[in-house]
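Asker: Give the three-dimensional model of this entry:
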Amino acid sequence: AAAAPATAAGSAARATTPPPPGIARGTRQKVQEKDVVNLIHESGRMRLKGLIGHFKGFFVVDKETRGHLTEIIKSVAKLETEGGEKWVLLKDETRHKYNL
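Answerer: Prediction:
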């Protein structure tokens, strides 16, 4: 059976997407906007839970880091609710900024 694509599963990208270059799991570095943008772009759209879960796997996510990640998501993506699930998609201006 074929694996579900990241756009349907939302969290499937966590299992297949490596950490950003030079980042080891569980480090104290900040999440970068470009990493969030690239992950959402590769997935097309993802569940918000899956996006946050992806970065939990690579960064120590404390209150400050989660707030930082939330601000990045708000600035680069739009939220859509479908069937009780929250999905993130890149904003048009983000696609333009990153030439996607």
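
Asker: how about the longest helix anywhere in the chain: buried residues?
Answerer: The longest helix of the chain (DSSP state H) is helix 63-76. Using 16 or more other Cβ atoms under 10 Å as the test for burial, helix 63-76 gives 65, 68-69, 72-73, 76. From N, CA and C alone the C-beta is placed, and that goes for glycine too.

Asker: for stretch 39-51, same thing?
Answerer: 39-41, 43, 45-48, 50-51.

Asker: Tell me the secondary structure at the residue nearest to Leu100 when sequence neighbours are not counted.
Answerer: Distances taken as Cβ to Cβ, 6 or more residues apart in numbering place His41 nearest to Leu100, at 5.3 Å, with adjacent residues excluded. What DSSP: H, G, I helix; E, B strand; the rest coil gives for His41 is helix.

Asker: tell me the contacts of His41?
Answerer: 90, 95, 98, 100 (Cβ atoms under 8 Å, 6 or more residues apart in numbering).

Asker: Show me the strands in this protein, by range?
Answerer: 46-47, 77-82, 85-90 (DSSP state E).

Asker: quick check: angle from the last one to strand 77-82?
Answerer: Here the directions of strand 85-90 and strand 77-82 differ by 150 degrees (axes from the mean of the first three to the mean of the last three Cα atoms, to 10 degrees).

Asker: coming back round to it: quickly compare the strands of the chain and say which is most buried.
Answerer: strand 46-47 (a mean of 25; mean count of other Cβ atoms under 10 Å).

Asker: picking that back up, filter the contacts of His41 to the buried ones?
Answerer: Buried among the contacts of His41 (16+ other Cβ under 10 Å): Leu90.

Asker: re earlier: nearest to Gly83, of the buried residues of stretch 39-51?
Answerer: Nearest to Gly83 among the buried residues of stretch 39-51: Arg47, at 10.7 Å, using Cβ to Cβ.
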